[in-house]
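>>> Need coordinates for the following:
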Amino acid sequence: MKKIVLIEDDRDLFSLLQYNLEKEGYAVAGAHTGRGAVDLCLRERPDLIILDIMLPDSDGLEICRRLRTHALFVATPLMFLTARASETDRILGLELGANDYIVKPFFLREVIARVKVQLRSPGDRAKVLSVSGIELDRARCRVFLDGNEVQLTATELRLLDFLMSRAGIVFTRDQLLDAVWGSDRAVTGRTVDVYVLRLRQKLEPDPANPRLIRAVRGFGYSFNDAGVHAEALPRA
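Numbering: from 1, shown residues only. Coordinates of the predicted model:
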C-alpha cells in the first residue's frame, strides 16, 4: 500500500482529502502544522508528500527545501496544495523541487488524478544507467562520476534521468518542461537551458564543448547515445 504524508492546516480539507485518498487505497498520515513535518516524513517514509505552503507555524517552501536536501527525500514526489497562486510562487515551488503545484480552490477528482500520476510505477526503476564514467543509480537516486558521487538537485536528477533513459532522442524544450516539470508549470524554455548548463558544469569534462548533453540548434537537447548501457540491478 502506497503511503502519503499530508500537511494541511485546514482540518476540514485535511479530513476530506484523507477520506478520499484512503478510499482510493492509500495510507495517509499527516499533521495540521509544519512543526515536525520533516521528522514525520522520516518516521513514515512516504511514497508521496502533499504540502500546504501557508501553515500557521511554518513556511511550506522551507519545509520543501529541507526535505530536498535530505538523501531519503531527494526524489520523493512532492505536491504543493496552496492558495498562493502567483506566477512567482509557482516558479519558486517548482524550482525548489516540487513535482506538482495545485492552487486552491481545486476539484477533488483532479487532485486524486494527479496523486495517481505521481505514484504511478515508473517501470524498470531498478536499473543503473552508465555512460562515459557517469553512473545514474535510479533505485537510490544517486549519480556518480568516475566513482565519485555528484550532488544533484531533485530537478537536475529528473532531467538527467529522463535524457539518459532516452539517449539519442532529441527533445524540444517544451517536451522537457512537460516531462520534468509537469504540465501545470509556470517556467519557460530558458529554465531548461539553465538546468542543462548546470548538468554540464557538474558532469562534462569540458562544459564549453559538451559531448554528453548536446544541443540541436533550433530544436532542443539530446543525450549522446554512444556507449549507454543499463544494468539490471543497482550497485551494492
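>>> Give me the contacts around the longest helix along the chain.
Determined from DSSP state H, the single longest helix within the chain is helix 189-203. Contacts with helix 189-203, where a contact means CB atoms under 8 Å, 6 or more residues apart in numbering, come from 134, 143, 145, 150-152, 155-156, 159-160, 173-174, 176-177, 181, 207, 210, 212-213, 215, 220-221. (Each C-beta comes from the backbone N, C-alpha and C, glycine too.)
>>> Among those, which lie within strands?
Those of those mapping onto strands are Ile134, Val143, Leu145, Val150, Ile213, Ala215, Gly220, Tyr221, per DSSP state E.
>>> What is the nearest of the residues you listed to Leu67?
Val143 (18.9 Å; CB to CB).
>>> I'd like to know which of the ones in strands among the contacts of helix 189-203 are buried.
When these are checked for burial by 16 or more other CB atoms under 10 Å, the buried set is Ile134, Val143, Val150, Ile213, Gly220, Tyr221.
>>> farthest pair in these?
Pairwise over those, using CB to CB, the maximum falls at Val150 and Gly220, 23.4 Å.
>>> quick one: Gly168 and Tyr221 touch, right?
No: using CB atoms under 8 Å, Gly168 is not in contact with Tyr221; the gap is 11.8 Å.
>>> and the most centrally placed residue in the chain, what does it touch?
Central residue of the chain (CA atoms, centre = their mean): Asn99, 4.6 Å from the mean position. The contact partners of Asn99, taken as CB under 8 Å, 6+ apart, are Pro77, Leu78, Met79, Gln118, Gly182.
>>> Kindly reformat the residues you listed as CSV and extend each row with neighbour count.
Formatted as CSV, the contacts of Asn99 follow (neighbours: other CB atoms under 10 Å):
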residue, neighbour count
Pro77, 21
Leu78, 27
Met79, 23
Gln118, 19
Gly182, 18
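>>> would CSV of those with pLDDT be doable?
As requested, those are arranged in CSV below (pLDDT from 0 to 100):
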residue, pLDDT
Pro77, 91
Leu78, 94
Met79, 94
Gln118, 85
Gly182, 72
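>>> Low-confidence stretches in the chain?
121-126, 183-186, 225-236 (pLDDT under 70).
>>> any residues touching stretch 75-82, and which ones?
So stretch 75-82 is contacted by 8, 41, 46-54, 60, 64, 67-68, 89, 93, 97-104, 106, 111, 114-115, 118-119, 141, 154, 157-158 (CB under 8 Å, 6+ apart).
>>> now swap in stretch 152-166 and tell me
68, 74-75, 94-95, 97, 129, 131, 134, 136, 138, 141, 143, 171, 176, 179-181, 192, 195-196, 198-199, 202-203, 213, 221-223, 228.
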